[in-house]
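>>> 3D, please:
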Amino acid sequence: MATEIKSIYSYFSSDILFAKSENVIADDIRLNAGYYKVRNSIEVGKKLKFFPLSTIASVVFPGIFKRYLTENTKYGIKFLTTSDMMMLEPDSEKYLSLQITSNLDIYRVEENTLLVSRSGSIGNTIYVDDRIKDFALTEDALRVKPFQTGDMGFLYFYFTSDYGNDLITGKKSGAVIDHIYEDDLLKLKIPKLDKKVCEKLNDAYLKVKECRETAHKIIEQARVLVVKYNHLPSLAAIETKNLDPNNEVEIKRTNLDEFTTDFRLDAHFYNPLADLVAKNIRAMSQRFESLFDIADCSFKGSRSIRNYVDKENGVPFLSGKNIIQIRPDFKYISTTETSNLSDMIVEKNQILISRSGTLGRTVFVWKNYENFAASEHLIRVVPNSELVDEGYLYAFLSSDYGYHQLLRYKHGSVIDEITEDQISQSVIPLPSDKQQKQIGDLVRQAYDLRAEAIRIEDEAQALLIQALTKV
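Now for the predicted structure:
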């Protein structure tokens, strides 16, 4: 009998961690083994000294509060979650009431501040810039504010490094949902690096920030020109008639002759704004075509078991969430165990659109995701370069005029979806070739800047690791 038991246990293995009692007592007397687990292979220099974060920065937790949301944009401020703040172009459909939200200023953020997610996906870190400084931020983002602005770069790259991020996530606690607290960050071990290294890291941070802010403004400029060159009114200035005079409930009217052969009975399909988008394009633009006529919209990548592997044995795999993240936290799928892998690979100048879940997320493949594998939840739009500028088409599809057309066709009882055939019906205005190229060049310039930001970040991380491991 003993022999049988031994043979069964030979199939199992357990991680055994050794923690010095002095380390247990010196810290929080934590008894969960994972707290003492070494999560990366970086061996810091033996002469390197550490000090607590509290000596160079403050950490603020706004506190849990009741959220009073409003659908009327005139009486609210957009509210971002920790997922939203990690997006290239943060946005939200949630608005905090300006009138009845107490201590609203606590949830606003200012520049020279790092935001660190404290709940769920712990340790995601971003800096406050022009993208998010006008939003209200969730209490699930700890506010880290250095006493000296020159420490911003050092702390940003340290928090986002494998070494620093592992220290942050190692402090998590919670029975169901993991959390960290402001005291966890205040006690975080910060290495004392050479002053010149810290200055280089801060210079890199400022360049990264400038690249992304400039790229964001250029993309917005491109979308403004889309509207201008096609003689279209701004949708922000258009107010559709609501049958409820108090605007407490959105009730709009549609005519029976607007029912199509689809016999759609879902109200959003007859959203007058979506209908107005297509009518404006047909009435005001000099020339227009359906998306079907100027691009191939295809659904690729079979639904199958995904075999995730390490970086050396796979290719990056993009999900609908990944395509709009500042730095995607993608996984890798096997190059040998994935059927039809070639169909999943995306190429330069393609446009990816999320077709399920959060619909209409759009990205241009330019110096970012070439030769990556993409999920079946992403529709590939392959523009015909002889008929339309690829960058211009992205600018239009990611604008309000494109977005409302994409969402009009959503369907599903639990998870919303759109199909490639449906989005192919979208009406695309086509200004002159010169105007298309001007807009397309702006898009490519913006994506060049985003690629440059990632390159600079990678160089800064290499410099940080070199400083950490210096003997």
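>>> Low-confidence stretches in the stretch 1-150 of the chain?
Within the stretch 1-150 of the chain, the segments meeting pLDDT under 70 span 1-20, 22-41.
>>> now the strands: where do they sit in it?
Ranges of strands in the stretch 1-150 of the chain, per DSSP state E, counting those that start in this stretch, are 50-52, 57-60, 76-80, 95-97, 114-117, 125-127, 136-137, 141-146.
>>> List the buried residues in the second one.
Which is strand 57-60. Of the residues in strand 57-60, those with enough neighbours to count as buried (16 or more other Cβ atoms under 10 Å) are 57, 59. Glycine gets a C-beta too; all of them are placed from N, C-alpha and C.
>>> so what strands line up beside that strand?
strand 141-146 (antiparallel) (DSSP bridges).
>>> Just give me how far the partner strand sits from the chain centre.
If you compare the mean C-alpha spot of strand 141-146 with that of the full chain, they lie 20 Å apart, counting by Cα atoms, centre = their mean, to the nearest Å.
>>> neighbouring contacts of the helix or strand following that strand?
Of the helices and strands lying after strand 141-146 in sequence (DSSP states H and E), the nearest is helix 152-160. Residues external to helix 152-160 that are found in contact with it (Cβ atoms under 8 Å, 6 or more residues apart in numbering): 53, 56-57, 112, 114, 116, 123, 125, 127, 144, 146, 164-165, 168, 190-191, 193, 197-198, 201-206, 327, 457, 460-461, 464.
>>> what are the ranges of the helices in the stretch 301-450 of the chain?
According to DSSP state H, counting those that start in this stretch, the stretch 301-450 of the chain carries its helices in the segments 341-344, 390-397, 400-408, 420-423, 433-469.
>>> Ok, which of those helices comes nearest residue 354?
With Cβ to Cβ as the criterion, residue 354 lies closest to helix 400-408 of the helices of the stretch 301-450 of the chain, at 9.5 Å.
>>> that older thread, would you mind giving the strands of the stretch 1-150 of the chain as a markdown table with distance to residue 369 added?
As requested, those are exported to a markdown table (distance: least, Cβ to Cβ, whole Å):
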| stretch | distance to residue 369 |
| --- | --- |
| strand 50-52 | 38 |
| strand 57-60 | 35 |
| strand 76-80 | 24 |
| strand 95-97 | 32 |
| strand 114-117 | 24 |
| strand 125-127 | 20 |
| strand 136-137 | 28 |
| strand 141-146 | 27 |
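>>> so which of those strands gets nearest residue 288?
Proximity of the strands of the stretch 1-150 of the chain to residue 288 was assessed by Cβ to Cβ; the nearest stretch is strand 76-80, lying at 31.7 Å.
>>> how big is the angle separating the closest one from strand 141-146?
Note on geometry: by axes from the mean of the first three to the mean of the last three Cα atoms, to 10 degrees, strand 76-80 and strand 141-146 are set 90 degrees apart in direction.
>>> how far out from the middle of the chain is strand 76-80?
For strand 76-80 - counting by Cα atoms, centre = their mean - the centre lies 17 Å from the chain centre.
>>> for stretch 129-139, same thing?
Stretch 129-139 sits 14 Å away from the centroid of its parent chain (Cα atoms, centre = their mean).
>>> And stretch 306-316, by the same measure?
Here the centre of mass of C-alpha atoms in stretch 306-316, compared against the chain's by Cα atoms, centre = their mean, lies 22 Å away.
>>> Let me have that stretch in PDB, keeping just the CA atoms, if that works.
Once non-C-alpha atoms are left out, stretch 306-316 reads as follows in PDB (Å, rounded to 0.1, in the frame of the first residue of the first chain):
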ATOM      1  CA  ARG A 306      -4.900  28.300 -28.200                       C
ATOM      2  CA  ASN A 307      -1.600  26.800 -27.200                       C
ATOM      3  CA  TYR A 308       0.200  29.500 -25.300                       C
ATOM      4  CA  VAL A 309       4.000  29.200 -25.100                       C
ATOM      5  CA  ASP A 310       7.000  31.300 -24.100                       C
ATOM      6  CA  LYS A 311       8.300  34.100 -26.200                       C
ATOM      7  CA  GLU A 312      11.000  31.900 -27.800                       C
ATOM      8  CA  ASN A 313       8.500  29.400 -29.200                       C
ATOM      9  CA  GLY A 314       5.700  31.500 -30.300                       C
ATOM     10  CA  VAL A 315       4.400  34.700 -32.000                       C
ATOM     11  CA  PRO A 316       2.600  37.600 -30.200                       C
END
